[in-house]
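1. got a sequence here, can you build the structure:
(2 chains)
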Amino acid sequence: SQQGEEDPQALSIQEGENATMNCSYKTSINNLQWYRQNSGRGLVHLILIRSNEREKHSGRLRVTLDTSKKSSSLLITASRAADTASYFCVSGSTLGRLYFGRGTQLTVWP
Amino acid sequence: NAGVTQTPKFQVLKTGQSMTLQCAQDMNHEYMSWYRQDPGMGLRLIHYSVGAGITDQGEVPNGYNVSRSTTEDFPLRLLSAAPSQTSVYFCASSSSGAFEKLFFGSGTQLSVL
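-> Residues are numbered from 1 along each chain as shown, chains lettered A, B, ... in the order given. Here you go, the predicted model:
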């Protein structure tokens, strides 16, 4: 399988701290997306970065992409308890497929 | 604006039973898809559609059928349920094809006994 993989699998931090999640993928991509999933709910799109972009910001989110290393990172600054969720990277390959990682479970303690 | 609506939210089936998971979207999206999510795994694509009358197989299509008679609806049929189909099923749609922002339904938790 050519799935992406997130690292770490689980992350536990205090409110106010920054959370960094990494993603690696195996094939050439057109873009890479990050989604959030709260327990028992569907996935919600957070941000998309294209293969010709290196960094993108959206509010407290910062995403980087290094196509030479086939990796991406998601940084959530000043985390809040409401950020507690699973975060998935989704790589859109040039061969016409989307690949979901297994997710990072983020827990933010008040 | 309801977005993507899935029904039912929960379902228990006996092995061999058939059922249809419903998915409807009100955003006039051409692209719709079905995924299954199993513990510790990423979402896997079952079937997808790029428009009314057009469907295609994804990564794990066996045991499932789909049809797309309208832009709004994309039902997923389990022909003869098996315990291996116990999973959480998500429907998703997009206005920009498979590679851009997907809108997900809230999921159907299916147990096959």
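
2. for the rest of this, base every contact and every neighbour count on C-alpha atoms.
-> OK.

3. and chain A, which residues reach chain B?
-> By the rule Cα under 8 Å from any Cα of the partner chain, the part of chain A lying against chain B is A:3, A:31, A:33, A:40-45, A:48, A:88, A:92, A:97-103.

4. going through those residues, which ones are buried?
-> Among these, those classed as buried by 16 or more other Cα atoms under 10 Å in any protein chain shown are A:3, A:31, A:33, A:42-45, A:48, A:88, A:92, A:97-103.

5. list the contacts of the closest residue to A:Glu55 other than its chain neighbours.
-> In space, and not counting its chain neighbours, A:Glu55 is closest to A:Thr64: 4.3 Å by Cα to Cα, 6 or more residues apart in numbering or on different chains. By Cα atoms under 8 Å, 6 or more residues apart in numbering or on different chains, A:Thr64 lies in contact with A:Ile49, A:Arg54, A:Glu55, A:Lys56, A:Ser72, A:Ser73, A:Leu74.

6. so B:Asn65 sits in a strand?
-> Yes - note on B:Asn65: a strand contains this position according to DSSP: H, G, I helix; E, B strand; the rest coil.

7. that one contacts B:Ala81, correct?
-> No - B:Asn65 lies out of contact with B:Ala81 (Cα atoms under 8 Å); the separation is 12.0 Å.

8. find me the pLDDT at residue 18, would you?
-> Answering for chain A, as no chain was given. Predicted confidence (pLDDT) for A:Asn18: 97.

9. if you could check chain B rather than the one you did, that'd help
-> 96.

10. neighbours of it, how many?
-> By other Cα atoms under 10 Å in any protein chain shown, 13 other residues sit near B:Ser18.

11. got it, and B:Tyr64?
-> When neighbours are counted by other Cα under 10 Å, B:Tyr64 comes out with 17.

12. again, but for A:Thr67
-> Neighbours of A:Thr67 (other Cα under 10 Å): 17.

13. that one - nearest residue in space that isn't next to it in sequence?
-> Among residues not flanking A:Thr67 along the chain, A:Ser51 sits closest, at 6.9 Å (Cα to Cα, 6+ apart).

14. correct me if wrong: the one you found contacts A:Ser68.
-> No - the pair A:Ser51 and A:Ser68 fails to qualify as a contact (Cα under 8 Å) at a distance of 10.4 Å.

15. more crowded one of the two?
-> A:Ser51 (15 against 7).

16. contact partners for the more buried one?
-> A:Ile29, A:Asn30, A:Asn31, A:Leu32, A:Leu65, A:Thr67.

17. which stretch of helix or strand covers the residue nearest to A:Glu55?
-> Taking DSSP states H and E as the definition, A:Thr64 sits inside strand A:61-66.

18. I am finished for the moment; much appreciated.
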